[in-house]
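Participant: sequence unavailable; structure follows:
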Ligand code: PLP
Ligand code: COI
């Protein structure tokens, strides 16, 4: 397979149109058989549910070239399941898991020339999404839905790659108690744009969101979950019903406990505890593990002892092990790596 002539090592996290994408439409109570298409443009009715009432959700996963030259993706079954949960909450028909996995495989195979080579630092980001494509005018679920899945080669999510980033505590909330923070609804991201703009404008990479009810507990950022390391080397991650259940975070807790032999805790994390942690990182498909060097709370800075130059040692070990599993250098738990 001849690869496209792309400067892989200098890719940012941006959209690049690739050759083929998958589409399936839900009408009269069933999904059609689905197909690959070259058409990257979506044509929908002016009153489509997605356009009027934001009835839409998405997923994000990656394909990698392993050391021995296979193309694999990481735990795509969990993305399929999470999308099913999201769809139920948004009154959209679920796209069956087997069909989701088949769509991933078809699209990655059809765009194999865009899968970045092993060692290039880039990966193929896969974006499944599902939205109300039929017309509504009263507030109601749409009568028709579209599932699509495309892919695009990407580099690091945060500029500078593995350099520690700076966060600020947001004045806005990401998710209401009993709201939609635990699902991957497009609306969660639309409302984060203004908060993200303000954070960037003030020189920060991302927002730290607190719990909306008490504003005392750490939730997550706009696109990743938190990991902290205590002085005695324990890995701590916030537990909350209003954060997105990150597949990367769930995997890292297994890596930490079962492969690295570290103690792990998933529990409520108070903002007041942050000053006692020695390392901090953000984890997610796009973020992988991005080290955090500093968190600003309206002028009061928390600086982690790991500093602004490199990852701390525990976060580095987690990063090396996770990416080692994803790129086929380290054997992970059964079923984590899905060969295409
Ligand atoms: N939190 C939010 C709000 C996200 O958008 C994402 C990205 O999907 C994550 C966390 C990380 O989840 P995952 O590790 O499944 O990509
Ligand atoms: C991902 O990590 O896949 C996400 O969806 C995060 C998004 C903000 C890019």
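Facilitator: Yep, that arrived. What you are looking at is a predicted structure, and each value in this text was computed from that prediction instead of being measured. Ligands and ions are numbered 1, 2, ... in the order given.
Participant: please count neighbours and contacts with C-alpha atoms only from this point.
Facilitator: Will do.
Participant: what residues does the stretch 151-300 of the chain put near ligand 1?
Facilitator: 222, 223, 224, 225, 244, 246, 247, 248, 249, 284, 285 (CA under 6 Å from any ligand atom).
Participant: need these in a markdown table with pLDDT, secondary structure and distance to residue 114, can you?
Facilitator: As requested, those are exported to a markdown table (pLDDT from 0 to 100; DSSP: H, G, I helix; E, B strand; the rest coil; distance: CA to CA, whole Å):
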| residue | pLDDT | secondary structure | distance to residue 114 |
| --- | --- | --- | --- |
| 222 | 94 | coil | 27 |
| 223 | 95 | coil | 24 |
| 224 | 97 | coil | 25 |
| 225 | 98 | strand | 28 |
| 244 | 98 | coil | 29 |
| 246 | 98 | coil | 26 |
| 247 | 98 | helix | 24 |
| 248 | 98 | helix | 23 |
| 249 | 98 | helix | 27 |
| 284 | 97 | strand | 22 |
| 285 | 96 | coil | 18 |
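Participant: would you list the buried entries among these?
Facilitator: Taking 16 or more other CA atoms under 10 Å as the criterion, what is buried in those is 222, 223, 224, 225, 244, 246, 247, 248, 249, 284, 285.
Participant: of those, closest to residue 29?
Facilitator: The shortest gap between residue 29 and any of these belongs to residue 244, at 28.8 Å (CA to CA).
Participant: quick one, what contacts the residue of the stretch 101-250 of the chain found nearest ligand 2?
Facilitator: As assessed by CA to the nearest ligand atom, ligand 2 sits closest to residue 223 within the stretch 101-250 of the chain, at 3.9 Å. Under the criterion of CA atoms under 8 Å, 6 or more residues apart in numbering, the neighbours of residue 223 are 284, 287.
Participant: reformat the residues of the stretch 151-300 of the chain next to ligand 1 as TSV; add distance to residue 85.
Facilitator: Converted to TSV, these look like this (distance: CA to CA, whole Å):
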residue	distance to residue 85
222	20
223	18
224	19
225	19
244	11
246	13
247	14
248	18
249	18
284	18
285	18
